[in-house]
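1. Quick one, structure for this:
(one chain, ligands or ions: 1)
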Amino acid sequence: MTQALTVQNLTAHYGATKVLEDLSLSVGKGELVSLLGASGCGKTTTLRLIAGFLEPTSGSIRLGDKDLTRLPAYKRDIGLVFQNYALFPHLSVLDNVGFGLKQRGVAPGDREKRARAMLERVGLSQLADRLPGALSGGQKQRVALARALVIEPPLLMFDEPLSNLDAKLRVDMRVEIRQLQRANGTTSVYVTHDQEEAFSISDRVAIMNAGRIMQFDTPETLYQRPANTFVARFVGFENLVPMTVSARDGAEVTAVTDGGSQLKLSQDRFGAIPDVFVLAARADGLAVSTDANAEGIPATLGLRTYLGRAYQYQADTAAGQLIANGSLSAPLEPGALAKLVPVPDQCCVLKPE
Ligand SMILES: Nc1ncnc2c1ncn2[C@@H]1O[C@H](COP(=O)(O)OP(=O)(O)OP(=O)(O)O)[C@@H](O)[C@H]1O
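-> Coordinates of the predicted model:
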């Protein structure tokens, strides 16, 4: 039966090198959580620790009320789906799927029935007698998925399962994985470096950097309310403008950029603003205005690009080059003077790094 996973204060080393630091993660029963981050940030190491292929230096791993921390891998009963499929080349598709059941002593008749039912669910009934060598990448990954699911594991883990597939198949397969995972209600951990994949498939995502979790939240919160400048940059906030408060008047705050551009911001709209902060905005979060009285960062517009829904400008300001979007109805020429006006619900006030 599926179980909740609780990872607490996990630290891990390869030799003398620390690769994970004080990592905590909880995955609710039936939830799908992704670990997302650049190459080398420790995603696979986290998975290996949970699977039991690696021992942590300190910390604990629990599945339901069972302590897995020092349990050998084969006793953890976790379903695994890898990037390279890891199918047995000399076994038929049916026998690959039934392998885990055989290991668990399930009788041949029952084994075949369950393996065939699972193949039906991943749409591969016709290929039961084939060898893996005669399958496409997508078909191989479906067999690997069926093989992992058929044992009804308490926890299912995926390590970059779609990386070897072409773009269209990746999108189709991630929908299939999500549907099967939901239907079975299997608690799952999914490793990927692809933000779109993680956000589309997960209930929650842990964004990792250098062996630590930078933020663990729903895709919506990560996208709209990054908790720090690392996550903001990761989810596409192109403009990170360091600012210092120069005056406060009730909820109204006056702040200046490094180059001395002044901006008035209301705490009623932005929330509490500390004395030193970073204003984070995507291009959509800085509106280009030619109104001389607008409350914005003065800018000289540079290159204009047509995005379909807006014009995007490279803009030179005292705080450096920023990227801002302007309306389609009034395209502006390079050299035009404008103000870049923060759009409150599309900007975040963050602590400096
Ligand atoms: N067997 C090993 N021995 C020594 N160092 C290792 C070993 N495996 C991984 N590392 C190092 O540990 C760090 C984390 O690696 P890990 O494989 O967990 O990253 P990752 O986020 O999964 O990366 P990728 O997306 O490239 O698979 C990296 O700096 C890596 O070089």
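2. When you work out contacts or count neighbours from here on, use the C-alpha atoms and nothing else.
-> Fine.
3. Look up how far residue 154 lies from the residue lying closest to residue 182 once chain neighbours are set aside.
-> Distances taken as C-alpha to C-alpha, 6 or more residues apart in numbering put residue 30 closest to residue 182, at 7.3 Å, once the chain neighbours are dropped. Residue 30 sits 9 Å away from residue 154, going by C-alpha to C-alpha, to the nearest Å.
4. who's more crowded, these two?
-> residue 154 (23 against 20; other C-alpha atoms under 10 Å).
5. which SS class is the more buried one?
-> Assigned with DSSP: H, G, I helix; E, B strand; the rest coil, residue 154 falls in the coil class.
6. you'd agree it is up against residue 186?
-> Yes - the criterion here is C-alpha atoms under 8 Å, and residue 154 meets it with residue 186 at 6.8 Å.
7. Now for these two: what residues contact both?
-> Overlap of the contact sets of residue 154 and residue 186 (by C-alpha atoms under 8 Å, 6 or more residues apart in numbering) consists of 2-3.
8. Burial check on the closest residue to the ligand within the stretch 151-300 of the chain, number of neighbours?
-> Using C-alpha to the nearest ligand atom, residue 193 is the residue of the stretch 151-300 of the chain that sits closest to the ligand, at 6.0 Å. Around residue 193 sit 19 other residues, with neighbours defined as other C-alpha under 10 Å.
9. Mind listing the residues bridging to the nearest residue to residue 5 once chain neighbours are set aside?
-> Once flanking residues are discounted, residue 5 sits nearest to residue 63: 4.6 Å by C-alpha to C-alpha, 6+ apart. In this entry, residue 63 is beta-bridged to residue 5, residue 66, by DSSP bridges.
10. which residues touch residue 63?
-> 3-6, 154.
11. number of nearby residues for the residue of the stretch 251-353 of the chain found nearest the ligand?
-> Nearest residue of the stretch 251-353 of the chain to the ligand: residue 353, at 21.9 Å (C-alpha to the nearest ligand atom). Residues within reach of residue 353, counting by other C-alpha under 10 Å, total 8.
12. and the gap between the residue nearest to residue 182 and residue 188?
-> 7 Å.
13. Then residue 147?
-> As for residue 147, its distance to residue 188 is 15 Å (criterion: C-alpha to C-alpha).
14. same thing with residue 113?
-> Distance of residue 113 to residue 188, given as C-alpha to C-alpha: 25 Å.
15. for residue 231, helix, strand, or coil?
-> helix.
16. Just the pLDDT at it, thanks.
-> For residue 231, the pLDDT comes out at 97.
17. Kindly report the same for residue 74.
-> 86.
18. In three-state terms, label it for me.
-> Applying three-state DSSP: residue 74 is helix.
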